[in-house]
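Participant: Could you work out the structure for the sequence below:
(2 chains)
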Protein chains: 2
Amino acid sequence: MSDSKHKVAAIGLGSMGYGIAQSALRGGHEVWGLDINVEQMQLFVGEGGESAVLSNVVDQLDTVIVAVLNATQTEDVLFGANGIVPKLRAGAAVLSCATVPPEFAKEMAKRCAEFDVLYLDAPISGGSLKAANGALSIMAAGTLEAFSALRPVLDSIAETVFELGDTAGAGSAMKAVNQLLAGVHIATMAEAMTFGMTQGVTPDKFIDVISKCAGTSWMLENRAPHIAAGNYTPHSSVNIWPKDLGIVLDIAKNASFSAPITAAAMQQFVAASGMGLGAEDDAAVAKVYARNAGLTLPGQDEKGGA
Amino acid sequence: MSDSKHKVAAIGLGSMGYGIAQSALRGGHEVWGLDINVEQMQLFVGEGGESAVLSNVVDQLDTVIVAVLNATQTEDVLFGANGIVPKLRAGAAVLSCATVPPEFAKEMAKRCAEFDVLYLDAPISGGSLKAANGALSIMAAGTLEAFSALRPVLDSIAETVFELGDTAGAGSAMKAVNQLLAGVHIATMAEAMTFGMTQGVTPDKFIDVISKCAGTSWMLENRAPHIAAGNYTPHSSVNIWPKDLGIVLDIAKNASFSAPITAAAMQQFVAASGMGLGAEDDAAVAKVYARNAGLTLPGQDEKGGA
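Facilitator: Residues are numbered from 1 along each chain as shown, chains lettered A, B, ... in the order given. Alright, predicted model coming up:
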């Protein structure tokens, strides 16, 4: 099994990236964890991450996992002033996990190929808990060589790998479709739950009944209990959505595709962010509706504060 | 069991009402089917419905099921020029199944009480197939006496009865919440699927992947296959949604509740209706998106026709 023990750089140790790095460690790989937050890097070394300086071994890496916030950070990590791709050996592979526009993924794959580096367009879905448990869903697209080179790492970090074709961009396209739905469903859950409150439907009753009816969604069942419990500890934060729905709307605009429901949902998350709720769990979008309608959510004081 | 064999008038033999009447028959009740469409009434007699003239037995009825289109028709059936409530015996019970505003349900219950007639606010969910199979979900609210009087009929027609309290209106409130979600989820599925098509995600791939991801919803899994198959045979028609989301938005406006996502979804169904698709399956809202973006859906010819 020595072939399947990879030297891995995991760049980005945020809520998703840290869990991915942990899962790669558990899969038996040698993992260097990198982040602008030095404390996260030290924490990861404490869990068994490699402590040697990466620059000494960068040309021996098999895999680079990039789990940063967005396209700008991804490009900086790969090709910025201190970009890693030019330092990699031929045949090394990049697993690019951020939500990015499909065109950006295509461009990254092309630029990696100029250095004989493989690139898998591989946005992730599932949340931080699944990341830590090696149980992510990955929407992946890239050459057979890229899939093959990354298989041992994918096996460590993912429960499901959707193989969406041999062209980078197809993974990011499916991720954008999923984010459109997920974001709209969260905001719609909040709209429906607070609308119900104006008619005497309590959050608990809402969950009891609607989760068994045609109005249910995965996001409703996952997020509505946060509101009913008044618990906005972030599993996935409000700030994700202006970013991800913004990507969706940019792609849509470039395709002359009118997406009015996505646009409406986007505005509710922007309003939540404007209310200072950006770092709260995304279910806090309900607070926008509650404030507009003069409702008091569970766990809020009578003045509508958090 | 003679106590549980009811004399039932089933008013409204449309796609839902006919199935409900069938299920009541199968439950062993004597059922008179009434509709403005005489052919539907004859069809129902052929299945075992009572053929005697209703007016001779109206004062012996135990139960009146009202499964018409909306509040106006419900009021007409109950209290119009030839309204049935004033002719009923004391203690007879009305099962009111249409989607109506909660305030309207409260008013109907009050007016029935003036004739010593019981009223259950009982909007239904589940579609015509479940209606025919006695497997509806019913969101019910009313007095204990109303529940008790209607229990034998409810047992015949429903798989699940959500008991939402002793005050008429609570059932209609929950139904409005469910319709908000269901309508938005159908239109959002259409938005996401056609958005995906602009990025090379085929309808079949969309269903394969998204149904296993956080972006899924009950409605997506139920309706998306209609688009992928190019089959718009109406299970539930486009025209339901301008009506039901209109009720939601009216209730919301009266409660000074801002519902921007519902409003955006509403406009897509109105556009579908304006395109002449009102009688098609509600998944045909995808045709609005396809036409706007110049896409060809499965089963459409190249010019985008049905």
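Participant: Now do the longest helix along chain A against helix B:170-198, angle only.
Facilitator: Ranked by residue count and defined by DSSP state H, the top helix of chain A is helix A:170-198. On the basis of axes from the mean of the first three to the mean of the last three CA atoms, to 10 degrees, helix A:170-198 is oriented at 160 degrees to helix B:170-198.
Participant: after helix A:170-198, next one along is what?
Facilitator: Remark: after helix A:170-198, the chain's next helix or strand is helix A:203-210, criterion DSSP states H and E.
Participant: Mind checking if that next one is in reach of chain B?
Facilitator: Yes. Against chain B, helix A:203-210 shows contacts by CB under 8 Å from any CB of the partner chain at A:205-206, A:208-210. C-beta: built from backbone N, CA, C; applies to glycine.
Participant: Point out the residues in the stretch 1-150 of chain A that sit beside chain B.
Facilitator: So far as CB under 8 Å from any CB goes, the stretch 1-150 of chain A lies against chain B at A:102, A:125-127, A:137, A:139.
Participant: So which of these are in strands?
Facilitator: Among those, the members found in strands (DSSP state E) are A:125, A:137, A:139.
Participant: count of residues packed around the second one?
Facilitator: Using other CB atoms under 10 Å in any protein chain shown, residue A:137 has 21 other residues around it.
Participant: sorry, back to before: for the longest helix of chain A, what is the distance to the chain centroid?
Facilitator: Its chain's C-alpha centre and that of helix A:170-198 lie 15 Å apart, by CA atoms, centre = their mean, to the nearest Å.
Participant: That one versus helix A:203-210: what angle between them?
Facilitator: Using the same axes, to 10 degrees: helix A:170-198 against helix A:203-210 is 120 degrees.
Participant: Quick one: mean pLDDT for helix A:170-198?
Facilitator: In this model, helix A:170-198 has a mean pLDDT of 98.
Participant: tell me the angle it makes with strand A:136-140.
Facilitator: Using the same axes, to 10 degrees: helix A:170-198 against strand A:136-140 is 130 degrees.
Participant: Start from the N-terminal end of the stretch 1-150 of chain A and give the strands.
Facilitator: In the stretch 1-150 of chain A, the segments counted as strands under DSSP state E, counting those that start in this stretch are A:7-11, A:30-34, A:63-66, A:93-96, A:118-121, A:124-125, A:136-140.
Participant: To residue A:56, which of the ones you listed lies closest?
Facilitator: strand A:30-34 (10.4 Å; CB to CB).
Participant: what is the mean pLDDT for that closest one?
Facilitator: 97.
Participant: Mind giving me the packing neighbours of it?
Facilitator: Judged by 3 or more CB pairs under 8 Å, 6 or more residues apart in numbering or on different chains; DSSP states H and E, strand A:30-34 is in contact with strand A:7-11, helix A:15-26, helix A:38-46.
Participant: That strand: partners in the sheet, and parallel or antiparallel?
Facilitator: strand A:7-11 (parallel) (DSSP bridges).
Participant: now the strand it pairs with and helix A:15-26, what's the angle there?
Facilitator: Going by the same axes, to 10 degrees, strand A:7-11 makes 170 degrees with helix A:15-26.
Participant: List the contacts of stretch A:275-282.
Facilitator: With contact meaning CB atoms under 8 Å, 6 or more residues apart in numbering or on different chains, stretch A:275-282 is reached by A:186, A:223, A:226, A:231-241, A:269, A:272, A:284-285, A:287-288, A:291, A:306.
Participant: Give me the PyMOL select line for these, limited to the buried ones.
Facilitator: In PyMOL, this line selects whichever of the contacts of stretch A:275-282 come out buried by 16 or more other CB atoms under 10 Å in any protein chain shown:
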select buried, chain A and resi 186+223+226+232+234+235+236+237+238+239+240+241+269+272+284+285+287+288+291
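Participant: Sort out which of the contacts of stretch A:275-282 are in helices and list them.
Facilitator: Per DSSP H, the contacts of stretch A:275-282 map to helices at A:186, A:223, A:226, A:240-241, A:269, A:272, A:287-288, A:291.
Participant: Off-centre distance for stretch A:70-79?
Facilitator: For stretch A:70-79 - counting by CA atoms, centre = their mean - the centre lies 15 Å from the chain centre.
Participant: mean confidence for that stretch?
Facilitator: The model assigns stretch A:70-79 a mean pLDDT of 97.
Participant: Repeat that for stretch A:291-305.
Facilitator: 83.
Participant: and if you look at stretch A:117-124?
Facilitator: So the average pLDDT for stretch A:117-124 ends up being 98.
Participant: quick one: residue A:259 and residue A:247 touch, right?
Facilitator: No. Contact criterion CB atoms under 8 Å: residue A:259 and residue A:247 do not qualify, at 11.9 Å.
Participant: So which of those two has more stuff around it?
Facilitator: Using other CB under 10 Å as the criterion, residue A:259 and residue A:247 rank with residue A:259 on top: 27 against 23.
Participant: Out of the residues of the stretch 1-150 of chain A next to chain B, which end up buried?
Facilitator: Applying 16+ other CB under 10 Å to these flags A:102, A:125-127, A:137, A:139 as buried.
Participant: Nearest to residue A:23 among those?
Facilitator: Nearest to residue A:23 among these is residue A:126, at 11.3 Å by CB to CB.
Participant: And the pLDDT at the residue lying closest to the closest one once chain neighbours are set aside?
Facilitator: Residue nearest to residue A:126 in three dimensions, not counting chain neighbours: residue A:136, with 4.5 Å by CB to CB, 6 or more residues apart in numbering or on different chains. You'll see residue A:136 listed with a pLDDT of 94.
Participant: Also residue A:163?
Facilitator: 97.
Participant: tally of neighbours for it?
Facilitator: 14.
Participant: Tell me which of the ones in helices among the contacts of stretch A:275-282 has the lowest pLDDT.
Facilitator: residue A:240 (93).
Participant: mind checking how far the closest residue to it other than its chain neighbours is from chain B?
Facilitator: Once flanking residues are discounted, residue A:240 sits nearest to residue A:282: 6.4 Å by CB to CB, 6+ apart. Per CB to the nearest CB, to the nearest Å, residue A:282 is found 11 Å from chain B.
Participant: Neighbours of residue A:282, how many?
Facilitator: 27.
Participant: element containing the nearest residue to residue A:208 once chain neighbours are set aside?
Facilitator: Nearest residue to residue A:208, sequence neighbours excluded (CB to CB, 6+ apart): residue B:162, at 8.0 Å. For residue B:162, the host element (DSSP H and E) is strand B:158-163.
Participant: List of residues touching that strand?
Facilitator: By CB under 8 Å, 6+ apart, the residues outside strand B:158-163 that reach it are A:208-209, A:212, B:124, B:126, B:130, B:134-141, B:147, B:154, B:171, B:174.
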